[in-house]
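Engineer: Need the 3D shape of this:
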Amino acid sequence: MASTGLQMLGLVLVIAGWAFEILVCAVPWWRVSAFVGDELVVSQVLWEGLWMTCLSQWGRLQCKVYDSGLALSGSAQMCRTLCVVSLLLCLLALPLIITGLKCTRCLGDAQESKSRLVRIGAIVFLVAAFFFLIPISWTAYVVVRDFYDPNVAAALKRELGPALYLGWCVTVLMLVGGALLYLGSASPGVPPMPAFGKGVKGNPPSTGTESKPDKVFV
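Structural biologist: The predicted model follows:
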């Protein structure tokens with residue numbers, strides 16, 4: 001049977017995960033400049049995100065949106081696209097989940113239909129979490145790869161930004177929330193199917209109108 005407690009806990013987790021996902025996608029803290037040369041510069045820090053770059057210098061922060069999205073690398077465009085798709089999937093799943101919650105009256109007493117809506121919304125949230133995990137993990141892989149690549153100049157090396165660590169936590173939050181929603185809306189069970197091909201137990205009741213066989217005289 002559907003569990004209201006699991007549904008509400010899962011709903012809180014997925015909404016919190018979606019809100020933090022919007023924050024992670026918007027902030028420019030995905031990559032931060034790494035100074036690995038002989039001279040360590042601490043007065044200037046460059047932050048890079050999906051939509052803008054920010055330069056922190058002597059306590060002042062100056063941000064600039066990328067001039068053209070088409071001028072970005074294919075990796076950055078893929079990360080942008082997957083993040084937007086993930087956010088749209090969450091936006092699609094939320095009305096399904098809220099409509100199908102056991103504590104709502106949207107569909108009346110049709111509990112099976114409501115549970116099915118919640119399960120569909122939970123699956124959509126799990127897919128959205130997977131789409132969000134790809135750009136986070138791919139960006140981390142590229143940063144680490146370039147950091148240890150001797151062919152990359154020291155000025156171009158980057159380190160993992162705090163948004164990537166927050167993104168991994170957000171992914172776990174969405175996965176746990178989606179799983180709780182799905183488990184909290186488990187089907188009450190399918191009624192047993194009728195057995196075919198087996199003998200019928202007992203004789204049907206007699207109505208008294210059955211015709212008796214005629215006697216045959218030889």
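Engineer: what sits against L9?
Structural biologist: With contacts defined as CB atoms under 8 Å, 6 or more residues apart in numbering, the neighbours of L9 are G177, L180, G184. Just so you know, the C-beta spots here come from the backbone N, C-alpha and C atoms, and that holds for glycine as well.
Engineer: in what helix or strand does it lie?
Structural biologist: In the assignment (DSSP states H and E), L9 maps to helix 4-26.
Engineer: what lines up beside the helix or strand that that helix is followed by in the sheet?
Structural biologist: Per DSSP H and E, the first helix or strand lying C-terminal to helix 4-26 is strand 31-33. The sheet places strand 31-33 alongside strand 44-48 (antiparallel), strand 158-160 (antiparallel), with pairing taken from DSSP bridges.
Engineer: comparing those, which gets the lowest mean pLDDT score?
Structural biologist: Set side by side, the strands paired with strand 31-33 give their lowest mean pLDDT on strand 44-48, at a mean of 88.
Engineer: List the buried residues in the next helix or strand after that strand.
Structural biologist: Next in sequence after strand 44-48, counting helices and strands by DSSP H and E, comes strand 52-57. Neighbour counts using 16 or more other CB atoms under 10 Å place C54, S56 of strand 52-57 among the buried residues.
Engineer: For strand 52-57, which helices and strands make contact with it?
Structural biologist: Helices and strands in packing contact with strand 52-57 are listed as strand 44-48, strand 60-65; criterion 3 or more CB pairs under 8 Å, 6 or more residues apart in numbering; DSSP states H and E.
Engineer: Just the CA coordinates for it, please, in PDB.
Structural biologist: In PDB, the C-alpha atoms belonging to strand 52-57 read as follows (Å, rounded to 0.1, in the frame of the first residue of the first chain):
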ATOM      1  CA  MET A  52      29.700  32.900 -17.200                       C
ATOM      2  CA  THR A  53      33.200  33.500 -15.800                       C
ATOM      3  CA  CYS A  54      34.100  35.500 -12.700                       C
ATOM      4  CA  LEU A  55      37.400  37.100 -11.800                       C
ATOM      5  CA  SER A  56      38.000  37.700  -8.100                       C
ATOM      6  CA  GLN A  57      40.700  40.300  -7.500                       C
END
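Engineer: where's that strand relative to the chain centroid, distance-wise?
Structural biologist: 30 Å (CA atoms, centre = their mean, to the nearest Å).
Engineer: for the chain, which spans come out with low pLDDT?
Structural biologist: Counting by pLDDT under 70, the chain has low-confidence residues at 1-2, 35-43, 107-109, 187-218.
Engineer: for it, longest helix please?
Structural biologist: For the chain, the longest helix by residue count, based on DSSP state H, is helix 111-147.
Engineer: Which of the contacts of L9 sits closest to A163?
Structural biologist: Compare each of those with A163 using CB to CB and the shortest gap goes to G177, at 20.2 Å.
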